[in-house]
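Asker: below is the structure, and that's it, no one-letter string:
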């Protein structure tokens, strides 16, 4: 049996942090360590959850031999914490938005914050392995993608790159997310009574995940229409995307485009003709499921993409990035049954 | 106190039928009678539900003095039952799709059925009071609109009629419905375990409500993109609709268009700038709530419309139509507190 | 049409307060006024909700001619607010626990608070109309019962009073409540993700509603076993109660006991043999539904009682008490369709 | 890597069967084969689910080298299928109730069926490994326990065996189950709209799982009070059990009793003082979590036991039994991460 690499989690009491712990506990090559930042001492973990706990400080990282640190924290905390991780010569995978955008102007505009370590923005690799695998491998700071952009990019980027879309018709993304995407901090909008038996739209047109989709897909701001809606479910994102092709194409033509990019991707699954993904099929997994319908006469295409926002949209993709950093098989710890082979 | 008109319900054990009974029980001018069709004898009603029950036969309608009959039945049953109602000189409000389309060809294409009383299609009034009130008043057979088309028509028709849309960009309607829209008959797709914590798309592009939207909005088949999705909620429909305007307009311009049509409509509510409807706000009511965002530079408009599929999308609208037929105030029995004034 | 009495609501942004507003808006004899206490100015009400808003001060009550004030507030706020209401010569219906118990010692023990106006405890009427109607009518301060005790008392008190229980076997009450019972203030325990697809027990044996059940049923502390559990539903309480009778009795004998107390009660419904209440049957109503099974050989009885915690368990019962104070029909505003007769 | 044993699943389209497939796919020593019985040909499996499919016939079992067959079928089908499995010299693990009771009289009384292979009843081992491990190991036919009895037995049996209960006070079990316990066959009671935002009791006092609890705990029919309630959740059972001890005991005394039986059990977890199990903690796992409160003055004890009805209550326990039959580690395939060690 191979030795295990020690990896740290800051923010283990949140939903993404807890999911990281869940995945890493069964990872064949990694051993999680809980890094205590600020007051998490009074947090009661579920029965059976245990892992070593040490304070989050550069010296602790060195003393404990921690090679990779996951920041499952807010944008503000991540801007403080990432430099500390790098100072300790550990590599950093940040699950917040702190290093996803390229310019401080974008942080001012979309997040209304002044970025406190802009010097790191240029170095951060955008951790969507299906497209940026080679850059991730050699980076010290990985910006783990947002949940909405992960699904949107995987669904749309091949069509953009292959230039088969009628760009004048725009890209319309109607996104629906489970409540865990809003974080664990109590708020009225995540109160059970406000969510159950309800569906509400928020972030219409100007959701803050928009700039992330724009810079990775090369779509222009005026071409993209993005609406986020809150579903009465725990986890899962489903995006229904409406585009138009330049010329009239058949379902099999579009499949060929997707297969060119995803044939060998372990975490992207293409649905057969006539079937579409749902949340059930991806929840608890690191898969992004993609299906689509085409209407050749009108050149309209409807694409449905589904992910688990806490896995492929957060903790699972972060572990996929960790596998790249540590040169482990990219699927290690992320596919049922793979550990036993 | 005014005397009450006796009105009959066929199909009272289904969700729409039960909702009709719930509304009619407190209607100041109507008295519901349950009409037994086929084997409903073994159906146990909830505690406290009671109303006279008589067999559904033309002679019963005459003997009981029933003036209006609601058919909360399947398309097939409605095609048989509507002529029987008319034969008894009662007026008929059909909640199925049996009389919503204008041609038998459309029934062949979209419902894959041979229409068995095509002679009634021309006479049926399409019961969307906000647009066809005058025709409904004098009709003997009202085709109560489908739930999806009700929300879509109310959201889009003013923009079509006023010719402010860039038709080349199409009308994209991303619709989400609660499970009661699928009826009460048990099926795997409505099993609790298949629906909870899930979201699934069905009827992409070619849902059978499409022709109904087309003929009432004058949109062409290739302009409309309609996707239906099943939400893990009991009741409610929310439609997010994406269009582009011909010229660049402001939020207040669009509001003016809607107000032209809905200023005096008791059941259409327009949201103020910056707010959007949700299911919670309409459930249990006969309201259709409409809100929208505009992005003048890109001429994109996102409209959100919400209704309760069992009320404005079925039983409530049927009672609204009944009020028109019987020359009662259109809101009778449909607004909280109105009965007491 | 009769003139309406102005009644005030303190705490209208909470779930019970909103429910009070919903009920009072359609009440034939009352007109609600929203009383602003502390910072509720930034609270956005749902579309269509409107009522006059005035500051909560004794002089406002006099100026506005407010005769009854509902306190839908916390125990702490109610202890401050009730004397202010009485000072303005208005009558007070308090929905918190502030005046339900008889001794300050009980407040120390069960709520861990020092009662700040103990002089009012003796005067407060316990507002369970089915048993204390006459006292309520003449009181100035009504302690509206807790949601759990309302269902428990209605289910058990007739059997205690009639002395048909084997007291040595105890009274075991397994209670389940929807999340609105925990209030609207955001907390981790009411976060959607913590509640959905879960069921958890809390307050086993020593829930703070226990003393309220004890003093109204004359059950001794060691006889009562009470467990509260949090259901993944918005509203509703279902209590399954296990007792043993002194002698062997039949179902019809037990029914006769209940009918003695409830035959003429408009808000207590007894289920027929073989059927039991569920949440669906009471949600949105002021009913308490009661059903039961008996096993004569073992003398065991299982009673199931259901209420809507926001209606019969809070706002509905409060309006029922208001009707008593104002000598209106006890059901005014609380039965569907009653307004129209 | 060890060779794998081929094991067959009859009834793989149901919820228990699908869960068996999910678990067995990642089992380090077993390879699942889907056995087609009756018309399952038209069943569409979720994307990514695949396993060899062969007809369910004795010769197929021999040809395919299948050593163990799981029957995830109805009682009726299991009575037909079990003899076929044994005839093919395979060992049988039946998840239905067909072989759990000891007498045909009990089948007549509780299931209202005539048992068609009573000769197998005596040979069937009751597959609750925590108590009957040695018998299971050498048996050819294992009756996998019901979901309710699994939790009830694990919670109560130690207290019965150690004779610390006051039997005159009875054993009162208030059980709540997720909807998957009712099976995947569509029915009105499992329709989403009937279950969501509801809670209903069924099977009060005379649920058919009662005789199974009785014969494994040695409790008399008149001592046990069992009520089953349907929760609006997908999976999970929580039982709240009320008993009285013979003498006054402390929490730590009761813990010592449980530890005597469960200290070395891998799938029973005892909660620390002051905490109680919930569904969240066990869903997706093979654990039975047990917690309890004691009130020494009144000798009352409240025990809360939680399992996932599809895992420890069905498929997981069946795999635990398979591990015993095949002399594999009892936890093989059932603990996260265990495969990698």
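Answerer: It's in. Keep in mind it's a predicted model, so treat the numbers as computed, not measured.

Asker: where along chain A do the helices fall?
Answerer: Under the criterion DSSP state H, helices of chain A are mapped to A:15-25, A:58-63, A:75-87, A:104-106, A:129-137, A:147-161, A:192-195, A:210-217, A:251-262, A:279-282, A:316-325.

Asker: list the buried ones in the fourth one?
Answerer: What it means is helix A:104-106. Buried residues in helix A:104-106, counted by 16 or more other Cβ atoms under 10 Å in any protein chain shown: residue A:106. Every C-beta, even on glycine, is put in place using the N, C-alpha and C of the backbone.

Asker: chain center to that helix: distance?
Answerer: Relative to the chain's own centre, helix A:104-106 is displaced by 21 Å; criterion: Cα atoms, centre = their mean, to the nearest Å.

Asker: least confident of the helices of chain A, on average?
Answerer: Sorting these by mean pLDDT places helix A:210-217 lowest, at a mean of 85.

Asker: packing partners for that one?
Answerer: Applying 3 or more Cβ pairs under 8 Å, 6 or more residues apart in numbering or on different chains; DSSP states H and E, one finds that helix A:210-217 makes contact with helix A:147-161, strand A:224-230.

Asker: of the ones you listed, which is nearest residue D:185?
Answerer: Proximity to residue D:185, assessed across these by Cβ to Cβ, is greatest for strand A:224-230 (32.7 Å).

Asker: the closest one near chain B at all?
Answerer: Yes - using Cβ under 8 Å from any Cβ of the partner chain, strand A:224-230 reaches chain B at A:225, A:227, A:229.

Asker: would CSV of the helices and strands packed on helix A:210-217 with mean neighbour count and distance to residue C:271 be doable?
Answerer: What follows is the helices and strands packed on helix A:210-217, written out as CSV (neighbours: other Cβ atoms under 10 Å in any protein chain shown; distance: least, Cβ to Cβ, whole Å):
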stretch, mean neighbour count, distance to residue C:271
helix A:147-161, 24, 47
strand A:224-230, 23, 38
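
Asker: follow-up on the earlier one: need the residues of strand A:224-230 next to chain B in JSON lines (columns: pLDDT).
Answerer: As requested, those are exported to JSON lines (pLDDT from 0 to 100):
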{"residue": "A:225", "pLDDT": "93"}
{"residue": "A:227", "pLDDT": "95"}
{"residue": "A:229", "pLDDT": "97"}
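
Asker: the closest residue to residue A:290 other than its chain neighbours: neighbouring residues, count only.
Answerer: Excluding its sequence neighbours, the residue lying closest to residue A:290 (Cβ to Cβ, 6 or more residues apart in numbering or on different chains) is residue A:305, at 5.0 Å. Burial measure for residue A:305: 27 neighbouring residues, criterion other Cβ atoms under 10 Å in any protein chain shown.

Asker: which of the helices and strands in chain A ranks last by mean pLDDT?
Answerer: helix A:210-217 (a mean of 85; mean pLDDT, DSSP states H and E).

Asker: run the angle between that helix and helix A:147-161 for me.
Answerer: Helix A:210-217 and helix A:147-161 are oriented at 30 degrees to each other (axes from the mean of the first three to the mean of the last three Cα atoms, to 10 degrees).

Asker: thinking again about what came up before, can you redo the helices and strands packed on helix A:210-217 as JSON lines with distance to residue D:201?
Answerer: JSON lines is the format used below for the helices and strands packed on helix A:210-217 (distance: least, Cβ to Cβ, whole Å):
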{"stretch": "helix A:147-161", "distance to residue D:201": "40"}
{"stretch": "strand A:224-230", "distance to residue D:201": "33"}
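
Asker: among the residues of strand A:224-230 next to chain B, which are in reach of chain D?
Answerer: Among those, no residue lies close to chain D (Cβ under 8 Å from any Cβ).

Asker: return the set of buried residues in the least confident helix or strand of chain A.
Answerer: By 16+ other Cβ under 10 Å, the buried positions in helix A:210-217 come out as A:210-217.

Asker: residue contacts, the residue of chain A most remote from its centre?
Answerer: Relative to the centre of chain A, the most outlying C-alpha is that of residue A:297, 35.2 Å out, by Cα atoms, centre = their mean. Taking Cβ atoms under 8 Å, 6 or more residues apart in numbering or on different chains, we find residue A:297 in contact with A:248, B:222.

Asker: can you give me the distance of it to residue A:54?
Answerer: As judged by Cβ to Cβ, to the nearest Å, residue A:297 and residue A:54 stand 63 Å apart.

Asker: now do residue A:310
Answerer: 25 Å.

Asker: likewise residue A:6?
Answerer: Applying Cβ to Cβ, the value for residue A:6 to residue A:54 is 10 Å.

Asker: give me the common contacts of the two.
Answerer: Residues touching both residue A:6 and residue A:54 (Cβ under 8 Å, 6+ apart): A:33, A:64.

Asker: neighbour count winner among residue A:310 and residue A:54?
Answerer: When residue A:310 and residue A:54 are compared for neighbours, residue A:310 comes out ahead with 27 against 15, by other Cβ under 10 Å.

Asker: so what's the more buried one closest to, chain neighbours aside?
Answerer: In space, and not counting its chain neighbours, residue A:310 is closest to residue A:19: 4.5 Å by Cβ to Cβ, 6+ apart.

Asker: now for the residue of the stretch 1-150 of chain A found nearest chain D, how many residues are close by?
Answerer: The minimum distance from the stretch 1-150 of chain A to chain D, using Cβ to the nearest Cβ, falls at residue A:26 (3.4 Å). Neighbour count of residue A:26, defined by other Cβ under 10 Å: 17.

Asker: confidence score at it?
Answerer: 91.

Asker: for it, give me phi and psi.
Answerer: Residue A:26 has phi and psi values of phi -110, psi 10 when expressed as degrees, to the nearest 10.

Asker: what stretches of the stretch 101-250 of chain A score poorly on pLDDT?
Answerer: Applying pLDDT under 70 to the stretch 101-250 of chain A picks out residues A:206.

Asker: what about the closest residue to chain C within the stretch 51-200 of chain A, how many neighbours?
Answerer: Across the stretch 51-200 of chain A, the shortest distance to chain C (Cβ to the nearest Cβ) belongs to residue A:186, at 3.8 Å. Using other Cβ under 10 Å, residue A:186 has 16 other residues around it.

Asker: with residue A:307 instead?
Answerer: Close neighbours of residue A:307, defined as other Cβ under 10 Å, add up to 35.

Asker: how far away is it from chain D?
Answerer: As for residue A:307, its distance to chain D is 14 Å (criterion: Cβ to the nearest Cβ, to the nearest Å).

Asker: what distance do you get for that residue to residue A:287?
Answerer: 7 Å.

Asker: spell out which parts of the stretch 201-341 of chain A neighbour chain C.
Answerer: So far as Cβ under 8 Å from any Cβ goes, the stretch 201-341 of chain A lies against chain C at A:232-235.

Asker: and the residues you listed near chain B, which?
Answerer: Subset of these in contact with chain B: A:232-235, counting by Cβ under 8 Å from any Cβ.

Asker: can you select the buried ones from those residues in ChimeraX?
Answerer: Here is the ChimeraX selection string for the buried members of those, based on 16+ other Cβ under 10 Å:
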select /A:232,233,234,235
